[in-house]
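Participant: give me the fold of what follows.
(chains A and B)
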Amino acid sequence: MADSKEMQLRASKLYKKRSSFEMVWRQLRRNKGALLGLALLIIIIIGALIAPIVYDYDTDVIGMNVRERMQWPSARHICGTDDLGRDIFARIVYGARYSLAVGFVAVIIALIIGTALGAAAGYIGGVFENIVMRVCDIFSSIPSVLMAIAVVSALGKSTANLMLAVGIASTAPFVRVARAAVLVVRGEEYVEAARAIGQPDWKIVIVHILPNCLSQIIVQATLRVGSAIISAAQLSFLGLGVPAPAPEWGSMLSSGRLYIRDYSYMTLFPGIAIMITVLSLNLLGDGLRDALDPKLKR
Amino acid sequence: MHRYIIKRLLMLIPVLLGVAFIIYAIMNVAEGDPVYQVAGPDATEEQLDALREEMGLNGSLLERYFRYIFKLLRGDLGTSYVSKMDVMQLYLQRLPNTLKLASVAMIVAVVISVPLGIVAAVNQNSIKDTVSMILALLGLSMPNFWLGLLLMLLFSLKLGWFPSGGAEGLRSVVLPAVTVGVGLAALLTRTTRSSMLDVLRQDYLRTARAKGVSEKRVVFHHALRNALIPIITIFGVQFSNVLGGSVLAETVFAWPGVGRLVVDAIDQRDIPTVTGALIMTTMLVTIVNLIVDIVYAYVDPRIKAQYTK
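Facilitator: Prediction:
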């Protein structure tokens, strides 16, 4: 009797249940690239958060200062100043607020619409599934830059519309991931059991089915934020994004381009900012994918 | 096999109609009611109605859409508000430039990515592998228009090797094509590597090696041919992104293609041109994807077998 109790105790210690967060973190901790990405991302987010404390938006970020225009990088202005005498470093730090906000909000829009549609399509099946998937095909065959251009030109130029445009253009992958995940577990016994005890369909999908594909959705979302940031910068570069004088990285590149021959630093730094931000998200996303889905790891 | 092709062709029709409808509907919101602009503030209600009819703007959205589709079937995309030219003609004038840019970009991508991916896979976990993967990651993280600006700065403004804009001669296509191709190359390098790694583990390669086939022949003859299938698929899917990327490259390098046409038309609120160019481009992407799928079915006996039973 005493023996078996002791064994039970030992077994429960050995098989101490780890939360899935803990397990992912253990995997992630071993991946140097993912840690680097996470660290960079945290630095960028902190920078974006404290930017309004360090810089005054009206004087430092959008205020003109003609006497200090077109200065090459120096100790005073580490990234130089632009054609209106504004400190480029201050604008880049402040610009992180726009890029991160647009990237994250656009992906959240895509995630909510895409997951809901994909899960419903997979669960309901039949004609509805067919229609959703065909519409998804249609959306994926429109090049996403052109799609976003069309949406922005329909809704008008503003930060909110930019988020919506980029969000709509990146919805299709989420539909596919959610549908595939639902199809895998739809026939499982525990889903059948939930149905047998009379749980409503929406509850079955949200409580029992969707958590199974959470990891794939998280990975997809992390990687998509990076491409959403690039899309947003592209639209701003084309003059269809965040309106001037806001310090958006894409529009900074667009104005720097006019002076590329003689003042190349104006084109250099905003691009580096975009690249480092997207790189950090890609590193983290790749690491998460390896940690959450060991099958994919090579 | 014929059944497969016929089935795919039939499925193409609703997709193309859907594509056209979505773009038409979005651009319809963008357009608002342009008769006020054209007619001026003093026009009477009758004059406005007459003008609507003349511009093909009367009736419900669906009515107008179907009228648009029937005109499209006859090759008529309407008239540009700005240049008063036939939109189809404008589009066809620009299309060869964009196709030239896209195809050179895809060649650039393959030339960079396939060797890099093979080297990475064959030397898995070595320094060569790590360097290739870092390059691919940088390529994926870099906004292509910024890369274009940097290339222009270095190779045309500083070194003067290539022109910084326009579409004169062979040299002018190099920088825009590299701009578009690098992102695709990054993606293809990753695909080539993982696809090669999959194939290199297969038993038949062990058999080939056991029979004394040289390692070079194993890699290039036995492995690469099978690894190519996923690479071809990605290639087809990415055609849409290449056209999207070329919009930016065309803007940076003043390349007179379809992307430039769309961006300029949006600036001038020339809705018929934007709508027509977007619909035609998307149809092109859809048809190219279909061709890739069919080629893919021919290459992969497993798909062929499903439809020849």
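Participant: and the pLDDT at whatever residue of the stretch 151-300 of chain B ends up closest to chain A?
Facilitator: Relative to chain A, the nearest point of the stretch 151-300 of chain B is residue B:244 (3.3 Å; C-beta to the nearest C-beta). In short, each C-beta sits where N, CA and C put it, glycine included. Looking at residue B:244, its pLDDT reads 84.
Participant: repeat that for residue A:282.
Facilitator: The model's pLDDT for residue A:282 equals 91.
Participant: host element of it?
Facilitator: helix A:265-292 (DSSP states H and E).
Participant: run the chain-centre distance for that helix.
Facilitator: 11 Å (C-alpha atoms, centre = their mean, to the nearest Å).
Participant: name the helices or strands packed onto it?
Facilitator: Judged by 3 or more C-beta pairs under 8 Å, 6 or more residues apart in numbering or on different chains; DSSP states H and E, helix A:265-292 is in contact with helix A:20-29, helix A:32-54, helix A:88-124, helix A:214-237, helix A:249-256, helix B:127-141, helix B:144-151.
Participant: just checking, residue B:239 touches residue B:287?
Facilitator: No. Between residue B:239 and residue B:287 there is no contact under C-beta atoms under 8 Å: 10.1 Å.
Participant: returning to what we had before: so which bits of the helix holding residue A:282 are buried?
Facilitator: By neighbour count with 16 or more other C-beta atoms under 10 Å in any protein chain shown, helix A:265-292 contains the buried residues A:265-271, A:273-275, A:277-292.
Participant: what does stretch A:134-144 give?
Facilitator: A:135, A:136, A:137, A:138, A:139, A:140, A:141, A:142, A:143, A:144.
Participant: specify the local secondary structure of the second one.
Facilitator: Here residue A:136 is helix, with the state taken from DSSP: H, G, I helix; E, B strand; the rest coil.
Participant: among residue B:239 and residue B:287, which residue is more densely surrounded?
Facilitator: Legend: neighbour count by other C-beta atoms under 10 Å in any protein chain shown for residue B:239 and residue B:287, higher for residue B:239 (21 against 13).
Participant: got a list of what the residue of the stretch 51-200 of chain A found nearest chain B touches?
Facilitator: Ranking the residues of the stretch 51-200 of chain A by distance to chain B (C-beta to the nearest C-beta) places residue A:143 first, at 3.3 Å. When contacts are counted by C-beta atoms under 8 Å, 6 or more residues apart in numbering or on different chains, residue A:143 touches B:240, B:241, B:243, B:244, B:247, B:281, B:282, B:285.
Participant: can you give the contact residues for stretch B:138-149?
Facilitator: Counting by C-beta under 8 Å, 6+ apart, A:226, A:230, A:233-234, A:237, A:250, A:253, A:257, A:260, A:267, A:270-271, A:274-275, A:278-279, A:282, B:175-176, B:178-180, B:182-183, B:185-187, B:189, B:245, B:248-249, B:251-253 sit against stretch B:138-149.
Participant: residues near residue B:96, how many?
Facilitator: Counted by other C-beta under 10 Å, the residues lying close to residue B:96 total 13.
Participant: confirm it sits in a strand?
Facilitator: No. Assessed with three-state DSSP, residue B:96 is helix; it does not lie in a strand.
Participant: for chain A, see how far away it is.
Facilitator: Applying C-beta to the nearest C-beta, to the nearest Å, the value for residue B:96 to chain A is 18 Å.
Participant: show the model's pLDDT score for that residue.
Facilitator: 92.
Participant: do the same with residue A:279
Facilitator: So residue A:279 comes in at 94 (pLDDT).
Participant: okay, it and residue A:35: tell me how far apart.
Facilitator: Using C-beta to C-beta, to the nearest Å, residue A:279 is found at 13 Å from residue A:35.
Participant: equivalent analysis for residue B:188, please.
Facilitator: Residue B:188 is 27 Å from residue A:35, by C-beta to C-beta.
Participant: pLDDT below threshold where in the chain?
Facilitator: Assuming you mean chain A. By pLDDT under 70, the weakly predicted segments of chain A are A:1-20, A:293-298.
Participant: that's the wrong chain, I meant chain B
Facilitator: B:1, B:31-41, B:55-58, B:299-309.
Participant: residue ranges of the helices in it, please?
Facilitator: B:2-31, B:35-39, B:45-55, B:61-73, B:87-122, B:127-141, B:144-151, B:174-200, B:203-210, B:215-217, B:224-252, B:258-267, B:271-299, B:301-308 (DSSP state H).
Participant: okay, now the nearest residue to the residue of the stretch 51-200 of chain A closest to chain B once chain neighbours are set aside: neighbour count?
Facilitator: Counting by C-beta to C-beta, 6 or more residues apart in numbering or on different chains, residue B:244 is the residue found nearest to residue A:143 once chain neighbours are left out, at 3.3 Å. Residues contacting residue B:244 under the criterion other C-beta under 10 Å number 26.
Participant: before we move on, what about residue B:204?
Facilitator: Residues contacting residue B:204 under the criterion other C-beta under 10 Å number 12.
Participant: and if you look at residue B:99?
Facilitator: Residue neighbour count, defined by other C-beta under 10 Å, stands at 15 for residue B:99.
Participant: any idea how far it lies from chain A?
Facilitator: 14 Å.
Participant: measure that residue to residue B:242 for me?
Facilitator: From residue B:99 to residue B:242 the distance is 10 Å (C-beta to C-beta).
Participant: give the contact list for the spatially most central residue of chain A.
Facilitator: Among the residues of chain A, the one closest to the centroid is residue A:225, at 1.8 Å (C-alpha atoms, centre = their mean). Neighbouring residues of residue A:225 by C-beta under 8 Å, 6+ apart: A:103, A:104, A:107, A:281.
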